[in-house]
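Novice: Dropping the sequence and predicted coords here.
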Amino acid sequence: MQQIDMNSDEFQAELEKTWTFVEKVNRQFGLVQNPNEEVNEGVAMGLARNRLIYGKRFCPCFMVEGETKEEQKAANNRICPCKPALEKEIPEDGLCHCGIFCTPEYAAAQAQHNEIEEIVHTHSKGLTKEQAEMLLKEEQLDGDELEALIEARKLKMIDFTLIDVREFMEFQMGHIVGTDALVPTSQFYAKIEEHNDKKQTPVIVYCHTGSRSFQVQHAMKSLGFEHICNLRPGIIAYPGETARG
């Protein structure tokens with residue numbers, strides 16, 4: 001799989017074209033961007049990356065199936081702006097699966113919600129060993145829960161493996177402190193074999209918004225991993241410590 005240097009002139013030029021493409025889609029369909037700029041940045045980078053690798057802006061929140069262009073076309077991979085988003089997701093949910101394209105009404109309501117959350121949200125970690133063990137049995141975790149579990153692991157109350165399933169350039173931009181491994185979705189089946197010894201122990205996976213990691217979660221289950229948790233909001237909603245590089 002081709003590695004993309006996000007600092008290269010080639011990538012930056014394609015990213016600029018992608019933002020122009022996003023603005024065009026918004027004008028054409030009367031949409032606006034997500035009030036969460038991190039969502040927009042992550043999706044735009046994924047679209048630019050896919051354009052450079054595959055020649056098309058495949059949706060970055062889904063695995064691209066097929067090795068050749070013919071196989072990719074036959075697999076009916078989502079190409080942005082995808083038909084399911086325009087015909088179902090945006091009309092019904094107010095935003096597309098990746099979250100970059102929203103109705104004005106959804107964006108306004110979400111911006112208000114984010115403001116309220118920032119004001120009223122309080123966070124208390126301090127889990128007991130029993131609580132941490134019970135939480136590890138959940139299939140979907142939010143950011144506060146993962147932060148609490150990482151603290152519990154530091155205190156040696158529990159143990160688990162934290163895996164980032166984004167691409168290398170995303171990992172470099174910022175990852176959760178305490179991440180044990182990077183298993184890029186684009187190389188999933190090759191890289192996950194390195195972790196076959198963890199099939200009977202708890203594993204937590206995360207990505208940018210929780211979509212790719214949700215797919216990975218189910219793929220890992222099919223491969224025999226027994227205890228898989230997914231950070232459903234993704235790293236964008238993680239309140240704990242992150243690091244670059």
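Specialist: Thanks, I have it. Residues are numbered from 1 along each chain as shown.

Novice: Going by length in residues, pull out the top helix of this protein.
Specialist: When the chain is scanned for its longest helix (criterion: DSSP state H), the result is helix 9-29.

Novice: Only the buried residues of that helix, if you could.
Specialist: Going by neighbour count (16 or more other CB atoms under 10 Å), the buried part of helix 9-29 is 11, 14-15, 18, 21-22, 25-26. No exception for glycine: its C-beta is placed from N, CA and C like everyone else's.

Novice: Assumed Ile150 was part of a strand.
Specialist: No - the secondary structure assignment for Ile150 gives helix rather than a strand, going by DSSP: H, G, I helix; E, B strand; the rest coil.

Novice: tally of neighbours for the nearest residue to it once chain neighbours are set aside?
Specialist: Leaving out its chain neighbours, the residue that sits closest to Ile150 by CB to CB, 6 or more residues apart in numbering is Gly178, at 4.7 Å. Neighbours of Gly178 under the rule other CB atoms under 10 Å: 19.

Novice: pLDDT score assigned to Gly178?
Specialist: Note on Gly178: pLDDT of 97.

Novice: need the contact list for it.
Specialist: Contacts of Gly178 were listed using CB atoms under 8 Å, 6 or more residues apart in numbering, and they are 150, 153-154, 162.

Novice: Name the helix or strand for Gln131, please.
Specialist: Assigned by DSSP states H and E, Gln131 falls within helix 129-135.

Novice: buried set for that helix?
Specialist: Quick answer for helix 129-135 (16+ other CB under 10 Å): 132, 135.

Novice: immediately after that helix, which helix or strand?
Specialist: Next in line after helix 129-135, if elements are assigned by DSSP H and E, sits strand 140-141.

Novice: Could you spell out which stretches of this structure belong to which domain?
Specialist: In terms of domains, the chain is parsed into 9-119, 129-243 (source: automatic domain parsing).

Novice: Disregarding flanking residues, what is the spatial nearest neighbour of Gly245?
Specialist: The shortest distance from Gly245 to any residue other than its chain neighbours is 6.0 Å, reached at Gln172 (CB to CB, 6+ apart).

Novice: And Asp142, by the same measure?
Specialist: The spatial neighbour of Asp142 that comes closest, neighbours along the chain excluded (CB to CB, 6+ apart), is Pro233 at 5.9 Å.

Novice: do you know how far the one you found is from Thr201?
Specialist: Per CB to CB, to the nearest Å, Pro233 is found 24 Å from Thr201.

Novice: shouldn't Ala85 be in contact with Gly99?
Specialist: No - under the criterion of CB atoms under 8 Å, Ala85 makes no contact with Gly99, lying 10.1 Å away.

Novice: export the contacts of Gly178 to TSV and tack on distance to Gly224, neighbour count and secondary structure?
Specialist: Shown next, in TSV, are the contacts of Gly178 (distance: CB to CB, whole Å; neighbours: other CB atoms under 10 Å; DSSP: H, G, I helix; E, B strand; the rest coil):
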residue	distance to Gly224	neighbour count	secondary structure
Ile150	25	22	helix
Arg153	23	18	helix
Lys154	29	9	helix
Leu162	19	22	strand
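
Novice: Could you tell me which ranges of this protein sit under the pLDDT cut-off?
Specialist: The chain contains residues with pLDDT under 70 at 1-2, 113-126.

Novice: could you pull out the strands for it?
Specialist: Using DSSP state E, the strands of the chain run over residues 32-33, 101-102, 140-141, 161-164, 175-176, 181-182, 203-206, 228-231, 242-243.

Novice: Show the contacting residues for the most centrally placed residue in the chain.
Specialist: Averaging the C-alpha coordinates of the chain gives a centre point, and the residue nearest to it by CA atoms, centre = their mean is His208 (2.6 Å). Residues counted as contacts of His208 (CB under 8 Å, 6+ apart) are 39, 42-43, 46, 166, 170, 234-236.

Novice: Quick check: Ala107 vs Leu162, distance?
Specialist: Spatial separation of Ala107 from Leu162 under the definition CB to CB is 31 Å.
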